[in-house]
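return atomic coordinates for the entry below.
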Amino acid sequence: MSAPIIGFPSVVNEKAARVVAGFVAALGVLVLVTGWHWVTALMAAGFLLRVLGGPRYSPIGRVAAQVIAPRLGRVVPTAGPPKRFAQAIGLGFTGVAAVAALAFGATGLASVLIGVLVVCALLEAAVGWCAGCFVFAQLMRWGLIPEETCEACNNLALARQ
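Numbering: from 1, shown residues only. Reported below is the predicted structural model:
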């Protein structure tokens, strides 16, 4: 049986996710330093590819998961749905930033959005704290995301105890 064309893995390698975050931070810094806001559109495309298929369709995701993360030691499993949610937030930030800068010339707004994204990506890459995952967990606690959406979250939490 083949994998569906669109779909995010229920469990991902935390190390690969952190490597992707490092790439996102580096690209964001590139935009902020150079003013090349067209890179923001490429970042949005990467987030879209990761939302749709995890690392499968994203060049950065593939390099992170298949080349770099395996060299960092054993796999550290983490739940996929919060990571997908975080990728969707990244898509929102970069999508709005790209439209703001490229369609309306609002480079100040775009830079602020990319700056926030860089801070969040650096936090995940450096210390493993994912802002999108934090928001996802809060939404689950408040009952806005049903628990069955993230069975992998529950299973991994139990396995760590």
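
which helix or strand in this structure has the lowest average pLDDT?
For the chain, scoring each helix and strand by mean pLDDT, DSSP states H and E identifies helix 151-160 as the least confident one, at a mean of 60.

to which secondary structure element is the most centrally placed residue in the chain assigned?
Within the chain, one residue has its C-alpha closest to the average C-alpha position: by CA atoms, centre = their mean, that is Gln87, at 3.4 Å. Gln87 is part of helix 80-98 when elements are defined by DSSP states H and E.

and the following helix or strand past that helix, what's its mean pLDDT?
Using DSSP H and E, the helix or strand that follows helix 80-98 in sequence is helix 104. In this model, helix 104 has an average pLDDT of 98.

chain center to helix 104: distance?
For helix 104, the gap between its own C-alpha mean and the chain's C-alpha mean amounts to 26 Å (CA atoms, centre = their mean, to the nearest Å).

shaky segments in the protein?
Low-confidence segments of the chain (pLDDT under 70): 1-3, 152, 154-161.

show me where it has strands.
Under the criterion DSSP state E, strands of the chain are mapped to 11-13, 77-79.

all helices of this protein, in order?
Taking DSSP state H as the criterion, the chain contains helices spanning 14-34, 38-53, 59-63, 80-98, 104, 107-127, 131-141, 151-160.

for Ile6, which of those is the nearest?
The stretch from these with the least distance to Ile6 (CB to CB) is helix 38-53; that distance is 5.1 Å. Where you see a C-beta, it was placed from the backbone N, CA and C, and this is true even at glycine.
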